[in-house]
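S.K.: here is the input, now give the coordinates:
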Amino acid sequence: MGGNQSWVTGFILVGLRLSAEIEAFLFWIFSLLYIFGLLANGMILGLICLDPRLHTPMYFFLSHLAILDMSYASNNVPKMLTNLLNQKKIISFVPCIMQTFLYLAFAATECLILAAMSYDRYVAICHPLRYTVIMSWTVGMALAAASWSFGFILSVAHLILLLRLPFCGPRQVNHLFCEILAVLKLACADTWINQVVLFAASVCVLVGPLCLMLVSYMHIIWAILKIPSKEGRRKAFSTCSSHLCVVGLFFGIAMLVYMVPDSNQREEQEKILSLFHSLFNPMLNPLIYSLRNTQVKEALHRALLKKPM
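M.R.: Below is the predicted model:
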């Protein structure tokens, strides 16, 4: 693809800049983590579908979170694993842009699903007698549909703004996959509109939902403290602690990547943070929910003990 004036038809994913031996070792480690994440999320999804006791709005949202985690990882990790064994590390233009689009869509949708889950916990603890009325299946499905729709609409806006840019060199994406900030650095045109829209979208899907979750949990904590029995307080808090762990991991990393001013020194750190989002987070989420959630553990126990007909 010659000089800077030639139009690119593909990119080179720089990756972690490690020796071939270390990359081969990481291939096996990351492959095991990826497979484990798919199996763990698949298990959570299967339990929720098969166990009638888990057919509640809380687990309905958790099933969407499992689908998002599997989609999120599958969008980025397979190509990253291929590149760990391939010295060329080339990705064509269209797959790169699609990877960027899906990454943003799944990330935005997950932010909103997590916000919906916090609202569900707020209603369950602060308004338990009206829970079935406020959080009906119609409301739950509407919140899930709105989350998916808004996430993909927002990503379409980024895609349109990205496709208007000319890419004429260099071709090296200094990242593990086609992450939007890394791709924008390769455009041979002014990207200030893209940067402004990306920051505004980050405020919309990160800061906005996070503020709503903080307000929800302030009410939740206040309601829990008013529960007279110690056992009641423990049970109430246990239903929220898993969600708080997931929110802290997901939102904390996303805000570091997209809302902290960029610098050359942060590029390698952003790769690790994005790796955590794409590989470790999808693996940790089902572990957090299964290890800290009594109902999920009981559903797994019932599934394992169920005898075939």
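S.K.: neighbours of Ile97, how many?
M.R.: A count of nearby residues for Ile97, using other C-beta atoms under 10 Å, gives 19. The way it works is simple: take the backbone N, C-alpha and C, and place the C-beta from them, glycine included.
S.K.: then Asn285?
M.R.: Here the count is done by other C-beta under 10 Å, and Asn285 has 25 residues near it.
S.K.: and the helix or strand where Ser241 lies, what's buried?
M.R.: Using DSSP states H and E, Ser241 sits in helix 230-259. Going by neighbour count (16 or more other C-beta atoms under 10 Å), the buried part of helix 230-259 is 236-237, 239-240, 242-247, 249-251, 253-254, 257-258.
S.K.: before we move on, what about stretch 46-59?
M.R.: 47-48, 51, 54, 56-59.
S.K.: straight-line length of it, end to end?
M.R.: Stretch 46-59 has an end-to-end distance of 11 Å (C-alpha to C-alpha, to the nearest Å).
S.K.: mind checking the pLDDT average for it?
M.R.: Mean pLDDT, stretch 46-59: 87.
S.K.: and the contacts of the very next helix or strand once past the helix holding Ser241?
M.R.: Counting by DSSP H and E, the next helix or strand C-terminal to helix 230-259 is helix 267-275. With C-beta atoms under 8 Å, 6 or more residues apart in numbering as the contact definition, helix 267-275 has outside contacts at 16, 174-177, 179, 181-182, 253, 256-257.
S.K.: same thing with stretch 128-148?
M.R.: Stretch 128-148 is contacted from outside by 57, 60-61, 64, 109, 112-113, 115-116, 119-120, 123-124, 127, using C-beta under 8 Å, 6+ apart.
S.K.: mind redoing it with 10 Å?
M.R.: 55-58, 60-61, 63-64, 67-68, 105-106, 108-117, 119-125, 127, 205, 209, 223, 236 (C-beta atoms under 10 Å, 6 or more residues apart in numbering).
S.K.: which members of the contacts of helix 267-275 are classed as buried?
M.R.: With burial judged by 16+ other C-beta under 10 Å, the buried subset of the contacts of helix 267-275 is 16, 174-177, 179, 181-182, 253, 257.
S.K.: pick the one among those residues closest to His301.
M.R.: Using C-beta to C-beta, Ile253 comes nearest to His301 of the buried ones among the contacts of helix 267-275, at 32.6 Å.
S.K.: lowest pLDDT pick from the contacts of helix 267-275?
M.R.: Here the lowest pLDDT out of these sits on Val257, with 75.
S.K.: which SSE is the residue lying closest to His243 once chain neighbours are set aside in?
M.R.: Using C-beta to C-beta, 6 or more residues apart in numbering and skipping the chain neighbours, the partner closest in space to His243 is Met117 (5.5 Å). Using DSSP H and E, Met117 falls within helix 93-126.
S.K.: any buried residues in that helix, and which?
M.R.: Those would be 96-97, 99-125, for helix 93-126 by 16+ other C-beta under 10 Å.
S.K.: show me the helices in the chain, by range?
M.R.: Along the chain, the stretches classed as helices by DSSP state H are 20-50, 57-85, 93-126, 131-134, 137-163, 180-184, 192-202, 208-225, 230-259, 267-275, 281-292, 294-305.
S.K.: in a markdown table, list these along with distance to Phe11.
M.R.: Output for these, formatted as a markdown table (distance: least, C-beta to C-beta, whole Å):
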| stretch | distance to Phe11 |
| --- | --- |
| helix 20-50 | 19 |
| helix 57-85 | 11 |
| helix 93-126 | 5 |
| helix 131-134 | 48 |
| helix 137-163 | 13 |
| helix 180-184 | 8 |
| helix 192-202 | 17 |
| helix 208-225 | 32 |
| helix 230-259 | 20 |
| helix 267-275 | 15 |
| helix 281-292 | 24 |
| helix 294-305 | 41 |
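S.K.: circling back to that earlier point, now for the buried residues of stretch 46-59: which two are most distant?
M.R.: Pairwise distances across the buried residues of stretch 46-59 (C-beta to C-beta) peak at 16.0 Å, for the pair Leu47 and Pro57.
S.K.: which one among the buried residues of stretch 46-59 gets closest to Leu186?
M.R.: Lowest distance from Leu186 to these (C-beta to C-beta) belongs to Ile48, with 41.3 Å.
S.K.: low pLDDT regions in the stretch 101-250 of the chain?
M.R.: Applying pLDDT under 70 to the stretch 101-250 of the chain flags the ranges 169, 232, 235-236, 238-239.
S.K.: for Ile29, give its distance to Leu81.
M.R.: Going from Ile29 to Leu81 by C-beta to C-beta, to the nearest Å gives 10 Å.
S.K.: what touches both of those two?
M.R.: Here Ile29 and Leu81 have Leu279 as joint contacts, going by C-beta under 10 Å, 6+ apart.
S.K.: between these two, which one's more packed in?
M.R.: More crowded of Ile29 and Leu81, by other C-beta under 10 Å: Leu81, with 17 against 11.
S.K.: this completes my enquiry, with thanks.
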